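K.L.:
What shape does this take:
(chains A and B)
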Amino acid sequence: MSDFRFYGSGIPGVSLSDLQGKLIVVEGTDGVGRSTQVEKLRFWLEQRGHAVLDTGLTRSALAGKGLKRAKQGNTLNLITHTLVYATDFADRLENQIIPALRAGFIVLTDRYIYSQIARAVVRGADEVWTRDVFSIALVPTSIFYLKADVEHLVPRVAFNRGFDYWESGMDMGLGRDMYESFCRYQTRLLEIFDRMAPFYGFNVIDANGDAEAVFENLRRRTRALIGETDSAPPAAGTGRVRKARKAS
Amino acid sequence: MLRYSQHRFPGRLITVEGIDGSGKSTQLALLHRWLAGEGYPVRFSEWNSSALVKQITSRGKKKQILTPTTFCLTHAADFADRVEHDVIPALRSGGIVLSDRYIYTAFARDVVRGVDPQWVRRVYRFAVKPTLAFYFRVPLDVALGRILGGRNALKYYEAGMDLDLSNDVEESFKIFQSKILKQYDALVKEFGLIVIDATMPIEEQQAQMRALVKDKLAGLKRIN
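P.N.:
The predicted structure is shown next:
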């Protein structure tokens, strides 16, 4: 039996009872270390014999290229942009996430609809409308929200890859330089995430600490989620390798 | 975000709907000719016209990778771009916008594809309510007679081939259009579309349209 359901009316033609796997979402603002954690979690899950599909935003065959171009300067208005992102999300949901769940995979996604909603709402999109548009989404098995304060985010970004135009919300005219803009933009995003947390039932993980501590927390909660209690990896040959069923 | 009926602009928005072969585009072109001749500033708008979104839509269509949901969303994105770039600026500056197909096309087409009727209405909540929304009602066989044979080939999505209605393109098109007709009939009531009998002579349909449009022109500025 499957516990999956859609937030809204969902995707036509999808039978929820066919979905076997788990959908694990890792959310959080820019610079919080999401991709590092996703990579670690994937490695750990695979070691334990689980088949994992990892996926992120704007990688769909359909709209991925268009979104890239949009970022390169062909500016779209807010509603259009949100709908193009929603197209991209729907394409990934139908062509990657759902088939993998049918086949019994653990789908690990670096961000989900919540980042999309936040980036639209922070720019002035109607929150109810944006949530409605993204209500095609499957409700995840769990949403891990990596939460860090802006004071912790700033040095991580500044001393790693540096500030990025979009992550700093430079399109919004919030500040004259990237540092100022980043702080203001990320503060607003965090407020929106805080509002969404109880609404969508986020599993909040304190991400102010170092990556190892954050991962320890994430791993403990994931272990509970997939019903494993022992902390040692299974011995060779006795692993709980799930048989990947053929997607039909 | 302003909803469907909340927009207040000095201009006028006139839309036409109907299945392929209903003659709606011909009628809109004639209306355009007349309004421009009367000196009104007119902006013409149609589906699939925005450059960036068009690239995504045509890619999806060419590769036939659109599902009912992504078909709906890409067209909504295109529509939103069109509303922002063509429709609203022209309406704000007091002009007349003529739109060949509008949100009702999506409501009919996407619902036939299995998309939830309430969801698609919510997605399009940002649309501006037309001053006049015409629907050209025509029996299926009349429309088919005008289209089939007149064009080289029916396109994949246009014929609803993605719905597996039939392996035969023409047969699939017929079934698809008949389902769309049923949706339109329901939309007439829900949105108060003005029904024009599209089996009448072209001149007569145009005269009916012009009479109704004329009533809505009071106070509009002419540019020459």
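K.L.:
Show me where chain A dips below the pLDDT cut-off.
P.N.:
Residues of chain A meeting the criterion pLDDT under 70: A:1-2, A:57-76, A:229-248.
K.L.:
In it, where's the longest helix?
P.N.:
Criterion DSSP state H: the longest helix present in chain A is helix A:178-200.
K.L.:
same deal with chain B?
P.N.:
Longest helix of chain B, by residue count under DSSP H: helix B:169-191.
K.L.:
quick one: contacts for residue 93?
P.N.:
Just so you know, I chose chain A. Residues counted as contacts of A:L93 (Cβ atoms under 8 Å, 6 or more residues apart in numbering or on different chains) are A:11, A:136-138. Backbone N, C-alpha and C define where each C-beta goes, glycine included.
K.L.:
my question was about chain B
P.N.:
The neighbours of B:S93, taking Cβ under 8 Å, 6+ apart as the test, are B:10-11, B:41.
K.L.:
Drop anything exposed from the residues you listed.
P.N.:
The neighbour-count criterion (16 or more other Cβ atoms under 10 Å in any protein chain shown) marks B:11, B:41 among those as buried.
K.L.:
Now tabulate the contacts of B:S93 in a markdown table and tack on secondary structure, distance to chain A and pLDDT.
P.N.:
Formatted as a markdown table, the entries for those read as follows, by DSSP: H, G, I helix; E, B strand; the rest coil; distance: Cβ to the nearest Cβ, whole Å; pLDDT from 0 to 100:
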| residue | secondary structure | distance to chain A | pLDDT |
| --- | --- | --- | --- |
| B:P10 | coil | 21 | 93 |
| B:G11 | coil | 19 | 95 |
| B:P41 | coil | 22 | 95 |
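K.L.:
in the very next helix or strand once past the longest helix of chain B, what's buried?
P.N.:
Scanning forward in sequence from helix B:169-191 by DSSP states H and E, the next helix or strand is strand B:194-197. Applying a neighbour-count criterion of 16+ other Cβ under 10 Å, the buried positions in strand B:194-197 are B:194, B:196.
K.L.:
Can you give me the neighbour number for A:D91?
P.N.:
Here the neighbour count serves as a burial measure; for A:D91 (other Cβ atoms under 10 Å in any protein chain shown) it reads 25.
K.L.:
could you say what helices and strands the helix or strand containing it packs with?
P.N.:
Under the assignment given by DSSP H and E, the secondary-structure element containing A:D91 is helix A:78-92. Using 3 or more Cβ pairs under 8 Å, 6 or more residues apart in numbering or on different chains; DSSP states H and E as the contact test, the elements touching helix A:78-92 are helix A:64-71, helix A:113-121, helix A:127-133, helix B:51-63, helix B:68-82.
K.L.:
what is the orientation angle of it with helix A:113-121?
P.N.:
Here helix A:78-92 runs at an angle of 170 degrees relative to helix A:113-121 (axes from the mean of the first three to the mean of the last three Cα atoms, to 10 degrees).
K.L.:
Return the set of buried residues in the helix or strand following helix A:78-92.
P.N.:
Past helix A:78-92, further along toward the C-terminus, the next helix or strand under DSSP H and E is helix A:98-102. Across helix A:98-102, burial judged by 16+ other Cβ under 10 Å covers A:98, A:100-102.
K.L.:
For A:E151, which of the helices and strands packed on helix A:78-92 is the nearest?
P.N.:
Distance to A:E151, taken as Cβ to Cβ, is lowest for helix A:113-121 among these, at 19.6 Å.
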